[in-house]
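Visitor: Generate a structure from the sequence data that follows.
(one chain, ligands or ions: 2)
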Amino acid sequence: LAKKNTYQQELVALYRINVFLSSIADLAKLLHLIMEEAAATVRAEASSIALYDSRRKELYFAVALGKKGAKVKEIRIKLGKGILGYAAKSRKPLNIKDVRRDKRFSTSIDKKTGFTSRAILAVPIVHQKKLIGALEVINKKGAASFSAADVRLLEIIASQAAIAIENAQLYEKLLKKHRALQKKHKQFIAAQEKMLTMERLSTIGDMASRIIHDLRNPLSVIRGYAYLQGEDTISDKERKEFSTIIMDEVDRLTGMTNELLEFARGKVNLLFKDQSFGDFIKGVCNYLRRDFEGNKIKLTSDLAYEGPICMDKFKMQRAIFNLTSNAKDAMPQGGTFQIATALRGNQVELTFSDTGCGIPEQIKDKIFEPFVSHGKSHGTGLGMPIVKKIIESHGGSVSIESQPRREGSFSTVITVYLPLKQPEERSS
Ligand SMILES: Nc1ncnc2c1ncn2[C@@H]1O[C@H](COP(=O)(O)OP(=O)(O)O)[C@@H](O)[C@H]1O
Ligand SMILES: [Mg+2]
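Guide: Ligands and ions are numbered 1, 2, ... in the order given. Got it, this is the predicted structure:
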């Protein structure tokens, strides 16, 4: 009967492998579980487990100090020292009936824990010939010492514990590697972001140097004529002429800085308002007529639609002035500029035509890209991208047809479609 009982107990102990295996994700918890399992199986008062540090040839274990075990301290013992160290070194179980009569017993741990050891049973924990640690149970409940059956049971537990600990340590190692990789990944992402920032900064740097270069031309012209105006030898007529040149150059500078600002702002914030398209376009024409006068450009208009429209008047003005300033640049000897409006379904069609030099073939496809400028010393290359942005944020579109100058016909025709109403309006 006793034999059958032992066999059953052994089976139960083996069954515990599942309990251990489910705890491999937390080594501390696993060790605690093994200790509890060992003490319960052989009915011991206490138990402890130590892991082997092969580098330092030491066993180390966490002991709970004090009555409630509130303080946990790591204790290290040399391989071969003490009962646990002896079992580990010899890789054999060591069953001591009374430790006080055994010279291998060291009282130091008892002193630290306040526990009095009498009988100790220690077994090594070995996995595939590798020493992993040692397990000991202290003081058998209801008996003076541990039996041969207890030795056998503890060995079974130790063998299960070996596999579980090995797995848990492996898991910990993997987790550490995983964390290290994660950290590296984060560092990599940070480095990448830094690079992007640098790239952005260098783009801004490029922009700045280009802009400064572009602003220098009109500034040097202004400086020159301002100097001449200060001379006593010039006539009144010349003085007036120089004053006009200076004002023109300042206007040009203002136009350039406006384009730059508009572009730098990035997103266009539109202020939609219902208005008369006729009034708007007539106002624009009046301004342009005066503006074109000095450039020998004739303005003609064909306004077939003068009804209501919802749009941002000032942004639309900006877009149109960008187009007319390009037309002026394209007609240095003068020419004709035409504005036409017509209703096409629920959109107004706006065409701007000029008799200028035509858009150079090499930039035709990228005229809406920023910084694309050709054939002028003061170009920012931002005029057309701004036009496109303003028109498109109105839900409209812009297209260009251009050919080299030909007598009696327009060379560049820019067509803009603008919806009469904006989405919020359309739905309500
Ligand atoms: N009406 C036009 N006639 C001829 N060329 C034009 C016309 N509009 C634009 N372009 C060409 O497109 C280029 C880009 O125009 P834009 O974006 O306004 O930049 P910028 O005027 O500062 O050069 C101009 O430099 C010019 O070569
Ligand atoms: Mg321009």
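Visitor: Ligand 1 contacts on the stretch 201-350 of the chain?
Guide: Asn322, Asn326, Ala327, Ala330 (CB under 6 Å from any ligand atom). C-beta: built from backbone N, CA, C; applies to glycine.
Visitor: Let me see the backbone angles for the closest residue to ligand 2 within the stretch 1-150 of the chain.
Guide: Proximity of the stretch 1-150 of the chain to ligand 2 (CB to the ion) peaks at Ala25, 66.2 Å away. In terms of degrees, to the nearest 10, the main-chain angles of Ala25 are phi -80, psi -10.
Visitor: does it really touch Tyr171, like I thought?
Guide: Yes. Ala25 is in contact with Tyr171 according to CB atoms under 8 Å; the separation is 6.1 Å.
Visitor: Look at these two and report which has more neighbours.
Guide: Neighbours were counted for Ala25 and for Tyr171 using other CB atoms under 10 Å; Tyr171 has more, 15 against 12.
Visitor: what's the more buried one in contact with, if anything?
Guide: The neighbours of Tyr171, taking CB atoms under 8 Å, 6 or more residues apart in numbering as the test, are Ile24, Ala25, Leu27.
Visitor: Make CSV from those residues and add pLDDT and distance to Gly345 to it.
Guide: Shown next, in CSV, are those (pLDDT from 0 to 100; distance: CB to CB, whole Å):
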residue, pLDDT, distance to Gly345
Ile24, 73, 72
Ala25, 78, 67
Leu27, 84, 74
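Visitor: could you pull out the helices for the stretch 51-200 of the chain?
Guide: Ranges of helices within the stretch 51-200 of the chain are 82-90, 108-113, 148-229, based on DSSP state H, counting those that start in this stretch.
Visitor: most tightly surrounded among those?
Guide: helix 82-90 (a mean of 23; mean count of other CB atoms under 10 Å).
Visitor: for the record, mean pLDDT for it?
Guide: The pLDDT scores in helix 82-90 average 94.
Visitor: And stretch 230-241, by the same measure?
Guide: The average pLDDT for stretch 230-241 rounds to 89.
Visitor: and what of stretch 260-280?
Guide: 81.
Visitor: now do the same end-to-end measure for that stretch.
Guide: 25 Å (CA to CA, to the nearest Å).
Visitor: Over to stretch 354-368?
Guide: 18 Å.
Visitor: That one near ligand 2 at all?
Guide: No. Taking CB under 5 Å from the ion as the criterion, stretch 354-368 and ligand 2 are apart, separated by no less than 9.8 Å.
Visitor: and that stretch with ligand 1, contact?
Guide: Yes. Counting by CB under 6 Å from any ligand atom, contacts between stretch 354-368 and ligand 1 involve Asp354, Gly356, Cys357, Gly358, Ile359, Pro360, Ile363, Ile367.
Visitor: which one of these sits closest to Glu45?
Guide: Distance to Glu45, by CB to CB, is smallest for Ile367 among the residues of stretch 354-368 next to ligand 1, at 90.8 Å.
Visitor: sorry, back to before: show the contacting residues for the residue of the stretch 1-150 of the chain closest to ligand 2.
Guide: Taking CB under 8 Å, 6+ apart, one finds Ala168, Tyr171 in contact with Ala25.
Visitor: what's the spacing between it and Asn217?
Guide: Separation of Ala25 from Asn217 (CB to CB, to the nearest Å): 71 Å.
Visitor: next one: Ala62
Guide: Distance from Ala62 to Asn217, by CB to CB: 79 Å.
Visitor: what do you get for Val348?
Guide: Counting by CB to CB, the gap from Val348 to Asn217 is 37 Å.
Visitor: residues in the stretch 251-400 of the chain within reach of ligand 2, list them.
Guide: So far as CB under 5 Å from the ion goes, the stretch 251-400 of the chain lies against ligand 2 at Asn326, Gly383.
Visitor: the helices in the stretch 251-400 of the chain, which residues?
Guide: With DSSP H, counting those that start in this stretch as the definition, the stretch 251-400 of the chain shows helices at residue ranges 277-293, 313-330, 383-393.
Visitor: ok, the residue of the chain found nearest ligand 2 - contacts?
Guide: Relative to ligand 2, the nearest point of the chain is Gly383 (2.7 Å; CB to the ion). By CB under 8 Å, 6+ apart, the contact set of Gly383 is Glu259, Asn322, Leu323, Ser325, Asn326.
Visitor: I am finished for the moment; much appreciated.
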